[in-house]
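1. need a 3D model of the sequence below.
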Amino acid sequence: MRYLSKLSCVTALIIAATAAASAAATASGPTAEQRVDGVIVVAGNTCTWTNARTSANPPAALTIDRTTINRPGGNLSCSGSITAVLNNNPAVTFDDAAGRAKADVIDITGQQSGISCRYKATNVLWNRDGTTRKYVNQAFTATKTSGSFLCPGSVSTAAGDASLLFH
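-> This next block holds a predicted model:
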C-alpha cells in the first residue's frame, strides 16, 4: 500500500507540475524566456525539473514541450525510487484578470518497482501567486488510463501541492 501511495503521489506531482508554470518576472514585468520550472512534494518525495521550453510567454496561450522535461532532453528527477514521464505536451491558457491558468490535459506515467501506472487529468486549474508568474495548483483528480491492477483507479492532488515558475 505504501508503494501505491508513493506512486499515486508522484503521479499527481508530475501532473500538477506539468500543468502550470510561473515566471520570476511580474505579470506585467519583462518578457519571459519561454521556460518553465516545476516542483512538487508528495508523501516525502520531491519531483522537479528546470528550464523546460514553452511555445510562448504567458499570458499568451502556450504549450509545454515534454521533450525538454523528460530525460534525456530534460532533467525531470524524483527523490526516492519513483520515476515519471510526461506523455503529452500540455496546452496552458491564462486569465490574467482572474489570476488563473488552466492546462487542457496532463498525461503522465509513473513507475516504481517495475510497476507502471498511467493517468490523465483534464482542465487542471492553477492560481497565480500574487503578481508573479508562479502558479499553484487547485485540487484535482487524475484518472487511471492504463497500468497494473495494483494501480489505484485515480489519484488526487491537494490544493497547493504543486507549483511552476515561468521565466
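2. where does the chain have low pLDDT?
-> Along the chain, the model assigns pLDDT under 70 to residues 1-32, 41-45.
3. residue contacts, the closest residue to residue 49 other than its chain neighbours?
-> Nearest-residue entry for residue 49: residue 76, 4.4 Å, with adjacent residues in sequence omitted and distances by C-beta to C-beta, 6 or more residues apart in numbering. (Each C-beta comes from the backbone N, C-alpha and C, glycine too.) For residue 76, the contact set (C-beta atoms under 8 Å, 6 or more residues apart in numbering) comprises 14, 47-49, 69-70, 84-86.
4. what's the answer for residue 100, then?
-> 94, 125-128.
5. distance between stretch 60-67 and the chain's centre?
-> 12 Å (C-alpha atoms, centre = their mean, to the nearest Å).
6. what about the strands in this structure?
-> Taking DSSP state E, the strands of the chain run over residues 35-42, 45-53, 62-63, 77-78, 83-86, 91-95, 100-112, 115-128, 134-137, 140-147, 154-157, 162-166.
7. using PDB, list the CA coordinates for the longest one.
-> Output of strand 115-128 as PDB, limited to C-alpha atoms (Å, rounded to 0.1, in the frame of the first residue of the first chain):
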ATOM      1  CA  ILE A 115       5.000  -1.300 -12.000                       C
ATOM      2  CA  SER A 116       3.800   1.400 -14.300                       C
ATOM      3  CA  CYS A 117       0.600   3.400 -13.900                       C
ATOM      4  CA  ARG A 118      -0.600   5.900 -16.500                       C
ATOM      5  CA  TYR A 119      -3.000   8.800 -15.500                       C
ATOM      6  CA  LYS A 120      -4.800  11.700 -17.200                       C
ATOM      7  CA  ALA A 121      -6.200  14.900 -15.700                       C
ATOM      8  CA  THR A 122      -8.200  17.400 -17.700                       C
ATOM      9  CA  ASN A 123      -8.800  21.100 -17.200                       C
ATOM     10  CA  VAL A 124      -6.400  21.400 -14.300                       C
ATOM     11  CA  LEU A 125      -6.700  24.900 -12.700                       C
ATOM     12  CA  TRP A 126      -3.900  27.000 -11.200                       C
ATOM     13  CA  ASN A 127      -3.800  30.200  -9.200                       C
ATOM     14  CA  ARG A 128      -1.200  32.800  -9.700                       C
END
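8. quick one: strands adjacent to it?
-> strand 100-112 (antiparallel), strand 134-137 (antiparallel), strand 140-147 (antiparallel) (DSSP bridges).
9. which of those strands sits most buried?
-> Burial of the strands paired with strand 115-128 is given as mean neighbour count (mean count of other C-beta atoms under 10 Å); strand 134-137 ranks first at a mean of 24.
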